[in-house]
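Student: give me a 3D structure for the following:
(chains A and B)
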Amino acid sequence: MYKIILKQKLAPKIHLLKIKEPILAKKSQPGQFVVLKIDEEGERIPLNIADWDENEGSIDVVFFEKGATTLKLALLNEGDSIVSLAGPLGLPTQIEKFGHVVCIAAGVAAGFIIPIAKAMKQKGNKVTSLIWQKNKKMVFWENRLAGASDRLIIATEDGSYGQKGPAPMILKKMLENGDTIDRINVMGPGPMLKACSDITSPYGIKTIVSLHSIMIDGIGMCGSCRVSVGGKTKFACVDGPDFDGHQVDWKLFSARNNIYKNEEKIAVEQHFS
Amino acid sequence: MEKINLNRVPMPKQKPKTRIKNFDEVALGYNSQQSKNEADRCIQCPNPTCIEGCPVEINIPGFIKAIKDDDMPEALKILKEKNSLPGICGRVCPQEVQCEEKCVFSKKGAPIAIGRLERYVADWEQEHLKSSGQSFIKLKPTGKRVAVVGAGPAGLTVSADLAKLGHQVTIFEALHTPGGVLTYGIPNFRLPKNIVNSEIDYVKSLGVQIELDSVVGKKMTIDELLDNNFQAVFLGVGAGLPMFLNIPGENLNGVYSANEFLTRANLMKAYKFPDYYTPIKIGKRIAVIGGGNVAMDSARTAIRLGSDEVSIVYRRSEVEMPARQEEIENAKEEGIKFRFLTNPKKFLGDEKYWLKGMECNKMKLGKPDKSGRRRPITISDSEFIMHVDIAVVALGTTPNPLIAASDKDLEFTKKGTIIADEKTGKTTKPGVWAGGDIASGSATVISAMGAGQRAAKSIHDYLMSSD
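Tutor: Predicted coordinates:
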C-alpha cells in the first residue's frame, strides 16, 4: 500500500497527490512516469511524475479528472492509500546542453513539464516555458514554472490571462519573429503535440513529444501502447514516452487513444452517476 | 502378475454448453474413488521410466503408491519434496510429452494419468490441510540472502527450494500480483487463481518475502541488489515483449497481442467490466492467430466473453500445432473454429482505423524445417478475405529488454535471451543466475520450474562455499 501524504486541488479538475515511496523519490528522472492502481477493482494507468523529494521519500503526481479512474483518484484524501505504484517507468527525457530549449505544455501537463524545464536549465540551456490553459482559472503553479524557466509565457484560449491563443500559434509567431530555438519538448493532448510538430518541421527543429498512450503493465509486456514512429512500431512504455514528433504517425496515435471511448463512458456512468 | 488395466479413468469436465458461459475450471478433478482406480492401474515398475520424463524428477511411482495405500499425507510429502507447485503442474504441465509419454503403458495408448493424480493430491491438501511449510524440516538459517527477480514459475520454485535450505529469499515482482504467467496469462478456467494463490501462500509460508511493484532494471538494478546485502541474484523475469506478424495494419484498433488480451481478461479481470475498471473489446468475430496453448487460451477466453464466432488461424495443419491435444479438444468442444493452412497477409481497416478484416493466404506444407515440423509454403494467388473485428496475435514473445538495458555485465544471445549454463543456470556475471523463458526463450511452466530447481542447487553450493 502507498500512502497519500498530501492532496491539493490545483485548478478545476486538476489535482496533486503526494505519495510516499522512498525508492521512487530517489530514482525518478525528468520525463518518467508511474503506473498506479487504486484498489482491487482498479485499472492500471500511467501518470507522469511531476516532482520527487528524496528527503521526504515521496513523489508527486498531478492528474486531470477525465475517466472513471481519475474521477475515483480525485475522491481520495490525505491518509488514504492505493494498492499499487510501479516506477519509475519509461526512458528519461534526454537532457543535454542544446542552447535555447522551449518547453511547451497544455492543461495538466503544465504540472509535469517542470522537472524537464528545471533539468534543462540546470544543464545550462536558456529555457522558455510556454504554457497553454483554457482560461485564467486553469492556470496553476505559475511561480514554480517561472522558477524552472528563464522566460515563462502563459497563454489562455479565451485571453482571460496572459497571451491569447493556442500554444502552437504562439510558437509559430516566435519562429516567424526569428527566435532561435534549438530544441522543443512538448507535453499535453495529442492534437497539440501534432500541431507543434507540424509547425517546427519546416524549421528542422528537433521536437520531442511525450506520448500518453493507453498502457497496462508499463514494462513492455502487452503492446497496448504501441505507436508508429518513422514507420516502425515502438512501445511508448519502454521505447518512450519521448519520441521525435516529426516521425510520429499521428492519425494512428489518435485512433489508438480512442479505442475505449465508449467503455470509458460506461464505466463513468456505472460508478459516478 | 497383475492384470494390465488399460482403462484410463476419464477426467470429469464441465459440459461445453455450460462452461462457455463461465470462467470456472473446465476439468473438475478426480474424486477419491476415481483417483484410487487410476492409481491402481500403476504397476510400480522396478525401474520407472516416468521419472526420467519429469523435469523436476518427482518420485512418481512413490506418490501413486501412497494414493493406492490411502496414505494421502505421504503422497503429498513425496510430491512436495521435488515440486513446490503441484496444484499448478497437475493442471498445466504437458504430461503427454513428459512423464506420461515415458510410462510403459504409453505405447498401448493408455499411460497412467500422472498429471490428474498429481492434481488430485494437491487438491486434497487444499481441502484437508492448510497449505503450510511446517511439514518440512527447515535447516538452520544460513544467514545468506538471495534476491529472486520475478514471481513466476521459475522464481517461485527457486525461492521455495532455497528457503527450504535455510536461505533468506526476497522476490522482486514487477506487477501488482505475484504468479507471472500463472496469473496474467493462463485463464482461470484452466488454472483457477485460488490454486495459484494458495501455492504462492505455501512459498510465503516457507519464509519467502515478496516485494510487489518492483521493476528490476528501473526501480533497482542487479548491482544494487548485490551491493545491498544479497549474496546471489536469480533472474526469472520471463519473456516480455509480444511478437507480432510484421504485416501491414498490425497497429489497427482491434488488433491485440495475446499478452494484452489475456492480461486484460485475467490479471485485470476485464470479464467483470464495468465492476472492474479495465475494459476489453470483444467483437462479433474474432480471429486468434497461432497454434500454441496461448492461442487456445485466447480463443477460449474470447468465446466466454461472448463473441459470436471465434476462429483459430494457423499456418500449418492440425498435427503441427504446438498446443496440448487436450486443449485443442476443449477448444473444439466449445465451438472454436479452426482454419488450418491459413496465413494472414494484411490487416484491413476502415477510415477510423478499426479492424474490419484480414487478407489471408492459403498455405501448403513442404519439407520439415529446423523445428522438425513441415514448413508452410504460400500458395500463390490464393488470397481471400476473412471478416473479423478483433484479431489476437498469439505468436509468442521475445525477452524483456529492461534487464539488458540496465546491466552491462550480463551477456545475451542474438535473440535477446540471457546466456546461462543449462545445467546450473549460472550467467556470465558472478553471483547471478537466470532461468525460465528469459534464458531459454518461450517454453513451458514446468521447464521454467526445472530450471529454477537446478539453479537453486547451484546457488546453494555457491552460498555454502563462500563466506
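
Student: buried sites along stretch B:359-379?
Tutor: By 16 or more other C-beta atoms under 10 Å in any protein chain shown, the buried positions in stretch B:359-379 come out as B:359-363, B:365, B:373-376. For glycine as for every other residue, the C-beta is placed from the backbone atoms N, C-alpha and C.

Student: and stretch A:109-118, by the same measure?
Tutor: Quick answer for stretch A:109-118 (16+ other C-beta under 10 Å): A:109-118.

Student: please name the nearest non-neighbouring residue to residue B:52.
Tutor: residue B:102 (5.6 Å; C-beta to C-beta, 6 or more residues apart in numbering or on different chains).

Student: any idea how far chain A is from the one you found?
Tutor: Using C-beta to the nearest C-beta, to the nearest Å, residue B:102 is found at 35 Å from chain A.

Student: check contacts around that residue.
Tutor: B:49-50, B:52-53 (C-beta atoms under 8 Å, 6 or more residues apart in numbering or on different chains).

Student: highest neighbour count among those residues?
Tutor: Neighbour tally across the contacts of residue B:102 (other C-beta atoms under 10 Å in any protein chain shown): the maximum, 26 neighbours, falls on residue B:50.

Student: least confident of the buried residues of stretch B:359-379?
Tutor: Lowest pLDDT within these is found at residue B:373 (84).

Student: let me see the contact set for that one.
Tutor: B:316, B:320.

Student: and residue B:332, what helix or strand is that in?
Tutor: Using DSSP states H and E, residue B:332 falls within helix B:325-333.

Student: now do the buried residues in that helix.
Tutor: Of the residues in helix B:325-333, B:326-328, B:330-331, B:333 count as buried by neighbour count, 16+ other C-beta under 10 Å.

Student: what about it, average pLDDT?
Tutor: Rounded mean pLDDT across helix B:325-333 is 94.

Student: any idea how far the helix or strand following that helix is from the middle of the chain?
Tutor: Using DSSP H and E, the helix or strand that follows helix B:325-333 in sequence is strand B:337-339. How far strand B:337-339 lies from its chain's middle: 24 Å, per C-alpha atoms, centre = their mean, to the nearest Å.

Student: report the strands that pair with strand B:337-339, each with its relative direction.
Tutor: strand B:309-313 (parallel) (DSSP bridges).

Student: report the angle between the strand it pairs with and helix B:325-333.
Tutor: In terms of direction (axes from the mean of the first three to the mean of the last three C-alpha atoms, to 10 degrees), strand B:309-313 departs from helix B:325-333 by 140 degrees.

Student: only alpha carbons, please: show strand B:309-313 as CSV.
Tutor: Provided in CSV are the C-alpha atoms of strand B:309-313 (Å, rounded to 0.1, in the frame of the first residue of the first chain):
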residue,chain,number,x,y,z
GLU,B,309,-17.6,-16.6,-33.8
VAL,B,310,-14.1,-17.4,-32.7
SER,B,311,-11.6,-18.9,-35.2
ILE,B,312,-8.0,-20.1,-34.7
VAL,B,313,-6.0,-19.2,-37.7
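
Student: which residues sit against it?
Tutor: Contacts of strand B:309-313 (C-beta under 8 Å, 6+ apart): B:284-291, B:295-296, B:299, B:302-303, B:331, B:335-339, B:342-344, B:358, B:360, B:386, B:388.

Student: next: stretch A:21-36.
Tutor: A:2, A:44-49, A:52-54, A:56-59, A:61, A:82, A:84-93, A:95, A:115-116, A:118-119, A:210, A:215, A:217-218, A:241-242, B:218-220.

Student: could you dump it to PDB, C-alpha only?
Tutor: Extracted in PDB, the C-alpha atoms of stretch A:21-36 (Å, rounded to 0.1, in the frame of the first residue of the first chain):
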ATOM      1  CA  GLU A  21       7.500   5.900  -1.900                       C
ATOM      2  CA  PRO A  22      11.200   6.400  -0.800                       C
ATOM      3  CA  ILE A  23      12.800   4.400  -3.600                       C
ATOM      4  CA  LEU A  24      10.900   6.200  -6.400                       C
ATOM      5  CA  ALA A  25      11.800   9.500  -4.700                       C
ATOM      6  CA  LYS A  26      15.400   8.600  -5.200                       C
ATOM      7  CA  LYS A  27      15.200   7.100  -8.600                       C
ATOM      8  CA  SER A  28      12.800   9.300 -10.600                       C
ATOM      9  CA  GLN A  29      14.100  11.300 -13.500                       C
ATOM     10  CA  PRO A  30      12.500  14.000 -15.700                       C
ATOM     11  CA  GLY A  31      10.000  12.600 -18.200                       C
ATOM     12  CA  GLN A  32       9.400   9.400 -16.400                       C
ATOM     13  CA  PHE A  33       6.100   8.100 -15.200                       C
ATOM     14  CA  VAL A  34       4.500   5.600 -12.800                       C
ATOM     15  CA  VAL A  35       1.700   3.100 -13.300                       C
ATOM     16  CA  LEU A  36      -0.700   3.100 -10.500                       C
END
